[in-house]
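>>> Below are the sequence and a predicted model; questions follow.
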Amino acid sequence: MATVADQDARTAESIAGAIDALAGRRLAVLTGAGVSTDSGIPDYRGKGAPVRTPMTVDQFLASEDARRRYWVGSHLGWQAFAAASPNPGHVALATLEARGIASGVITQNVDGLHVRAGSRRVVELHGTMRRVFCTHCGQVFDRRDLARRVEADNPWIQVPENVPLGPDGDVLPESTTGFRIPACTVCEGMLKPDVVFFGEFIPAEKFREAEQLVQRSDALVIAGSSLVVNSGIRLMERARRRRLPIVIVNRGATRADHRATVKVDAGTSEVLQALADRLPEAA
């Protein structure tokens, strides 16, 4: 059985290998839910992750009951989700960009923590919980303003303490009875969070933006993603076909470990900090 010292030695060796593979190169970074676990937001598939029964876009659009269930759960989780702060991994990526080492971040997360950490070039593949839009007229609303409206329309709702938060900032509600679903204040149309639901495609222009970031880089770092979602695999394949070094940082296996130049099986915060501290600026 491997000892803690053995594990620490293997991690240190893997980090050294990652630094050798990435040194002098301009990096594109793809992040998943594992980057935000140190901010208190659980991931989807890691050890101890909550069981999920995600709502599909068809359910949301077709059923008023489904929308009511979504908005109650989303509102209950919003306060804790919005209160999450960037962790050292987010800050390390912003530092790498500021030093000219990282060309930007492509993220599968909807928590907005890369932006709040100071990263300037962020491609949010799956959208963001910061915005809500009307599916009829296209009007966009700030989620904070919507939360105040929901509270005013439903003063009986009590946000519980120590709520078991889901990866998308949602909570499984005990009851939805009497909840008033928020509507567009311009046309009374249906509101939808600006995120990609299960069963919904990533906007083509957003994926092209991510592809361009990889295209303009000399290496790819994948952090905190098991690469189960096809968009991540597709971007990894773009890098592999160009024979770019690929470094994967994730606790546990991913779908592409066998294709990585280096796999670091460790927490993203410590590894990204090490990269920010030790990588020389790109030529």
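Received, thanks. Keep in mind that this is a model prediction, so the values were computed, not measured.
>>> the helices in the stretch 1-150 of the chain, which residues?
Assigned by DSSP state H, counting those that start in this stretch, the helices in the stretch 1-150 of the chain fall at 4-22, 57-62, 64-83, 88-98, 113-117, 143-153.
>>> Next, format those helices as a markdown table and append mean neighbour count.
Using the backbone N, CA and C atoms, a C-beta is placed for each residue, glycine as well. Formatted as a markdown table, the helices of the stretch 1-150 of the chain follow (neighbours: other CB atoms under 10 Å):
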| stretch | mean neighbour count |
| --- | --- |
| helix 4-22 | 15 |
| helix 57-62 | 15 |
| helix 64-83 | 19 |
| helix 88-98 | 23 |
| helix 113-117 | 22 |
| helix 143-153 | 14 |
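>>> which residues of the stretch 101-250 of the chain score low on pLDDT?
In the predicted model of the stretch 101-250 of the chain, residues 159-174 satisfy pLDDT under 70.
>>> redo that, cut-off 50
Counting by pLDDT under 50, the stretch 101-250 of the chain has no low-confidence residues at all.
>>> Report the contact partners of the nearest residue to Gly224 once chain neighbours are set aside.
Of all residues beyond its chain neighbours, the one nearest Gly224 is Gly34 (2.7 Å), with distances taken as CB to CB, 6 or more residues apart in numbering. Contacts for Gly34 (CB atoms under 8 Å, 6 or more residues apart in numbering) come out as 43, 46, 223-226, 250-251, 268.
>>> confidence score at His75?
What the model reports for His75 is a pLDDT of 88.
>>> Report the contact partners of the nearest residue to it once chain neighbours are set aside.
Nearest-residue entry for His75: Val150, 5.1 Å, with adjacent residues in sequence omitted and distances by CB to CB, 6+ apart. Val150 sits next to 71, 75, 157, 180, 182 when contact means CB under 8 Å, 6+ apart.
>>> roughly how far apart are Val150 and Val132?
Shown here: Val150 relative to Val132, a distance of 11 Å by CB to CB, to the nearest Å.
>>> Would you mind measuring from Ser39 to Pro88?
Distance, Ser39 to Pro88, using CB to CB: 10 Å.
>>> what's the answer for Val271, then?
Counting by CB to CB, the separation of Val271 from Pro88 is 10 Å.
>>> among the helices of the stretch 1-150 of the chain, which is nearest Leu213?
helix 88-98 (11.2 Å; CB to CB).
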